[in-house]
Structure formats: structure tokens, C-alpha cells
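Enquirer: Structure for the following, please:
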Amino acid sequence: MTFTDADVAELYDKLNAWQGADADFYDPLVDSARDVLDVGCGTGQMLISARERGHTGRFTGVDPDEASLARARSRRTDLELVLAKAADMRWDGEFDLAVMSSNAFQFLVTDEELRESLRAIRTALRPGGRFAFDTRYPGAREWEQWPLSETEVDGLVVSYDVESAENGVVTVVEKTARAGEVVRADRAAMRFLEVGQLNGFLAEAGFKVEGQFGDWKRGPITALSRSVVTVAATPS
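Expert: The predicted structure follows:
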């Protein structure tokens, strides 16, 4: 039985419901902004949740995966959903807040893609606008644990093989299996940036780090941190 892109999007929602500590961090930022740009929005869960809380502002989601956007459209018709990569965005001064949640920032792998994407996000924001996002903390070496874990839902088992981890870039294959048979294998590369590198790219794009945390409760970055959660701002 073929496991389609639409099936992948549905499974993603089941495995990654918008709830928990990360949602508790982002939701107040979204609620306090008038116009929100969700970069790498996936199936739109963050924006949909805000709509369900009563937010009536402009919500725009951008993602390069059409199946994910189609799932978002099937749930809400009051979102502006655009098929594109971050670097392709061309908005100019239209948003108060840009967000990249769920470690989406790590899929910007090359220096050029990082620079172009950050430049596009910076341009899309109004003066004094904020950019909030999260990445995995490289010191935790989380990728070493991925092959040891698997998740099961609705008779499907999701597991991970790490193909390589070189120069801060980890290439992983996500496998979806049913009754022991692999029905889908998706390969992706993710970049694990050191904090100094990350902040260098932000400064080059014209952002100033407003806050940077090692957990979702705004604690400091330490050797035990698993995430780097950043809120950066454009000049007022």
C-alpha cells in the first residue's frame, strides 16, 4: 500500500500535536502580534491554534511542502498559505512577528541559504518586529539517540537512521513501517549551529538578539541544554 505525501502530513499532526512547553512559549508571542508570518508552517498547527483562541489578525504560513499546506487548508480557510522556501519570500515590512517553530530553522543548511532566508525574514518584518525560533543545541548531540527510539501510531512505526554527521550537518532517514514493512523513507539534512555561529548570521542579517534561552521556560543555555530558543528583533 502506497504511503502518500498526504498520509505523511496526517501522521505528522498525530505525532506532533501543538501543545506542551514550546506551544506555551510561542502562543503568547503570537497572541500579542497583529500580523504573523509562520516560516516553515507545515500543517499550520500553530496558526490554527491561535485562530481557535480567537485571534483575528493576518496569518501567513510559508512552506515548501504542498501536502502539508493542503492539510492546513482543509482545516481553515482564513489563513494565507504560500508554497515557497524562506529564501523566496518577497514581503516588505508587512509583519510584526515571524516564527520558525519545531526546529524548522535547522533545515536551512548552507551558509547561502541561511543568509538569504534570514534576509527575507528581516525584510518581511516591520521596524521593531520580532523573529522567534528554536534549534537543537549541538552540545546535546541529540542525533545519537534517534536510532534508539521509535514511535507507533495507528499501526505505523516511525524510526530514524542517521546516515552521517559531519561539519555540523546531520543527514537522517525517517522510515515509516507497517507490519514490519517500510512503506516510506524520507531523507533530510539538518544543520546544528553553535550559538556563536547562529548569532553571527543573525547580526549579519540585521537582527539583534533580544533573548536566547536553553529551555522553553527561558532558562540559560548550559551544558545540559537540549534547545536554543531565540527571540531576535529588527531595529525600531
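
Enquirer: Tell me the bridge partners for Val39.
Expert: Beta-bridge partners for Val39, by DSSP bridges, are Val62.

Enquirer: Tell me the spacing between it and Ser101.
Expert: Using Cβ to Cβ, to the nearest Å, Val39 is found at 9 Å from Ser101. All C-beta spots, glycine's among them, are computed from the backbone N, C-alpha and C.

Enquirer: distance of the residue of the chain most remote from its centre from Asp5?
Expert: Most distant from the centre of the chain: Ala179, at 30.5 Å, with distances by Cα atoms, centre = their mean. Computed with Cβ to Cβ, the distance linking Ala179 and Asp5 is 21 Å.

Enquirer: State the pLDDT value of the nearest residue to the residue farthest from the centre of the chain once chain neighbours are set aside.
Expert: Nearest residue to Ala179, sequence neighbours excluded (Cβ to Cβ, 6 or more residues apart in numbering): Gly155, at 7.5 Å. Per-residue pLDDT puts Gly155 at 92.

Enquirer: Number of residues surrounding Gly155?
Expert: 8 (other Cβ atoms under 10 Å).

Enquirer: And Gly129, by the same measure?
Expert: Around Gly129 there are 24 other residues, counting by other Cβ under 10 Å.

Enquirer: what does Val172 give?
Expert: Neighbour tally, Val172, other Cβ under 10 Å: 19.

Enquirer: roughly how far is whichever strand or helix holds it from the heart of the chain?
Expert: If you go by DSSP states H and E, Val172 is part of strand 169-178. Centroid separation for strand 169-178 versus its chain: 17 Å, with Cα atoms, centre = their mean, to the nearest Å.

Enquirer: Stretch 204-222 now?
Expert: For stretch 204-222 - counting by Cα atoms, centre = their mean - the centre lies 16 Å from the chain centre.

Enquirer: First-to-last residue distance for it?
Expert: 25 Å (Cα to Cα, to the nearest Å).

Enquirer: Could I get the buried residue list for it?
Expert: Ala205, Phe207, Gln212, Phe213, Gly214, Asp215, Trp216, Ile221 (16 or more other Cβ atoms under 10 Å).

Enquirer: Let me see the contact set for the fifth one.
Expert: Think Gly214. Tyr137, Pro220, Ile221, Thr222, Leu224, Ser225, Arg226, Ser227, Val228, Val229 (Cβ atoms under 8 Å, 6 or more residues apart in numbering).

Enquirer: Could you turn the buried ones of those into a ChimeraX selection?
Expert: Burial among the contacts of Gly214 is assessed by 16+ other Cβ under 10 Å; the matching ChimeraX selection reads:
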select :137,221,225,227,228,229
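
Enquirer: Ala87: which of the contacts of Gly214 is nearest?
Expert: Val228 (21.5 Å; Cβ to Cβ).

Enquirer: my read is the closest one is in a strand, agree?
Expert: Yes - residue state for Val228 (DSSP: H, G, I helix; E, B strand; the rest coil) corresponds to a strand.

Enquirer: Correct me if wrong: it contacts Leu198.
Expert: Yes - contact criterion Cβ atoms under 8 Å: Val228 and Leu198 qualify, at 6.9 Å.

Enquirer: Could you chop this structure up by domain?
Expert: 5-137+193-233, 140-190 (automatic domain parsing).
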